[in-house]
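# attaching a predicted model along with its sequence, questions to come.
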Amino acid sequence: MTAACWWVRCRHPVSSTQPRPDADGPPVTNPPSVSPSGRGELAIETHGLTKRFRAQTAVDGVDLAVPRGAVYGFLGPNGSGKTTTIRMLLGLLRATGGEAHVLGAPMPRALDTVLPHVGALVEGPAFLPYLSGARNLHRFDAADRHSSARTRVARVAAALDRVGLTHAANKKAHAYSLGMKQRLGLANALLMPRELLVLDEPTNGLDPQGTREVRALVRSLAADGTTVFVSSHLLAEVEQLCTHVGVMSGGRLVAQGTLEEFRRAGADRRVHVRTPDVDAAHAVLADHGVALDARGAASDPELITGVMTDGVPPEAVVAALVTAGVRVRGFEVVGETLEERFVELTGEGFDVVA
């Protein structure tokens, strides 16, 4: 795999250089130790990453390529292997096979070097119920040997403010709603500046307003240069947040690439052109690789339909029509919806609520 962003149906890798033993341990490899700060084009890179639980294969030969600075949506139905993959990336679970690099360093070998640069919210936050939200954050921050006690109070206050919990800072955690606990988990991930933020279903339990606020927060972090890796089963979340996507199904990564590439990678794009200059339009469209349907029905003689050739920009077709003197009264390219594309890849439906 190259460092460049790509889009392809991912195949189950078979490689003699990356054996997958049945024992609970990855094959012996000696990847170079790399400083996580500013090296390489990928924030996360895996090759053949596999996890078996006895006879069950939860993650099966996953090859991730997450560019630095991306908001990468890790999408798939519940039970598709997303959380297990995340736990391996963070060193919380030992891989059965394959290898993973996070911020340019091998995991879990470089755990102590990498984790200070990574903020994470995985499988919902766990807090001491008898402590306030602020005291819980103080406790977590004190356990981080890389944090500064002198700036702790200010950083906790800033993190609570950023997730909209200043008003509940002194409220006991047991009185927090599910959405408030989710926000508190996000605040914990933001206590220190991070190069990479890993969020597992970050909008779980949030009301629509809270969901919008989390999206705004992720956008602001990405604008500051933070790479965000966010798992989700919600199409609306991925569409509104992400620059790149990877799709999991049955433990395998079946596709990944930019969101725009994903939109274009489905079934044939159909074009609808409305013009009184039908003959001239037919000639131009045919020259630009549009496979034209039969002439429109008598009830709509100005409508021309056909299938666009891959790689032909719609704007180039419109420009050619106008240059040829065709009066274009309507031009529309219709492709698969994201939901249809996901169902095509996984064979399962997805939640589409915002």
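Structure's in. What do you need?
# which of the three states applies to Glu237?
Counting by DSSP: H, G, I helix; E, B strand; the rest coil, the backbone at Glu237 sits in helix.
# pLDDT score for it?
With respect to pLDDT, Glu237 scores 80.
# now do the same contact list for it.
73, 203, 211, 215, 230, 354 (CB atoms under 8 Å, 6 or more residues apart in numbering). All C-beta atoms are positioned from the backbone trio N, CA, C, and that covers glycine.
# would a markdown table of these with distance to Arg327, pLDDT and secondary structure be doable?
Output for those, formatted as a markdown table (distance: CB to CB, whole Å; pLDDT from 0 to 100; DSSP: H, G, I helix; E, B strand; the rest coil):
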| residue | distance to Arg327 | pLDDT | secondary structure |
| --- | --- | --- | --- |
| Gly73 | 41 | 94 | strand |
| Thr203 | 46 | 84 | coil |
| Thr211 | 44 | 85 | helix |
| Arg215 | 41 | 87 | helix |
| Val230 | 46 | 94 | strand |
| Ala354 | 39 | 41 | coil |
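# filter these down to the buried ones, ChimeraX style.
Command for ChimeraX that selects the buried part of those, burial taken from 16 or more other CB atoms under 10 Å:
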select :73,203,211,215,230
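# kindly reformat the contacts of Glu237 as TSV containing distance to His146.
TSV is the format used below for the contacts of Glu237 (distance: CB to CB, whole Å):
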residue	distance to His146
Gly73	29
Thr203	28
Thr211	31
Arg215	29
Val230	24
Ala354	37
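# and which of the contacts of Glu237 is nearest Ala95?
Val230 (21.4 Å; CB to CB).
# on the pLDDT front, check the residue nearest to that closest one when sequence neighbours are not counted for me.
Closest residue to Val230 apart from its sequence neighbours, by CB to CB, 6 or more residues apart in numbering: Leu199 at 4.5 Å. Note on Leu199: pLDDT of 93.
# and Gln18, by the same measure?
Looking at Gln18, the pLDDT reads 38.
# now do Glu123
pLDDT, Glu123: 75.
# I figured it hits Asp200, correct?
Yes - in this structure, Glu123 is within contact of Asp200 by CB atoms under 8 Å, at 5.9 Å.
# now for the two: what residues contact both?
Residues touching both Glu123 and Asp200 by CB under 8 Å, 6+ apart: Thr83.
# ranges for the helices of the chain?
Assigned by DSSP state H, the chain shows helices spanning 82-89, 111-114, 133-142, 152-162, 178-189, 208-223, 235-241, 259-264, 278-287, 314-323, 338-346.
# turn those helices into a markdown table, including distance to Arg52.
Formatted as a markdown table, the helices of the chain follow (distance: least, CB to CB, whole Å):
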| stretch | distance to Arg52 |
| --- | --- |
| helix 82-89 | 10 |
| helix 111-114 | 22 |
| helix 133-142 | 32 |
| helix 152-162 | 37 |
| helix 178-189 | 29 |
| helix 208-223 | 32 |
| helix 235-241 | 28 |
| helix 259-264 | 29 |
| helix 278-287 | 52 |
| helix 314-323 | 46 |
| helix 338-346 | 21 |
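# where does the stretch 251-354 of the chain have low pLDDT?
For the stretch 251-354 of the chain, applying pLDDT under 70 flags the ranges 264-268, 295-299, 310, 335-337, 348-354.
# if we use 80, what do you get?
Counting by pLDDT under 80, the ranges of the stretch 251-354 of the chain that qualify are 260, 262-269, 294-299, 309-312, 334-354.
# please apply the same query to the stretch 1-150 of the chain.
1-40, 123-125.
# Phe127 contacts Ala173, correct?
Yes - using CB under 8 Å, Phe127 is in contact with Ala173, at 4.2 Å.
# Glu123 and Asp200: who's more crowded?
Each of Glu123 and Asp200 has its neighbours counted (other CB atoms under 10 Å); Asp200 has more, 22 against 13.
# hmm, the more buried one is touching Thr85, no?
No - using CB under 8 Å, Asp200 is not in contact with Thr85, being 10.0 Å away.
# with adjacent residues omitted, what lies nearest to Leu184?
Spatial nearest neighbour of Leu184, excluding adjacent residues (CB to CB, 6+ apart): Gly133 at 5.2 Å.
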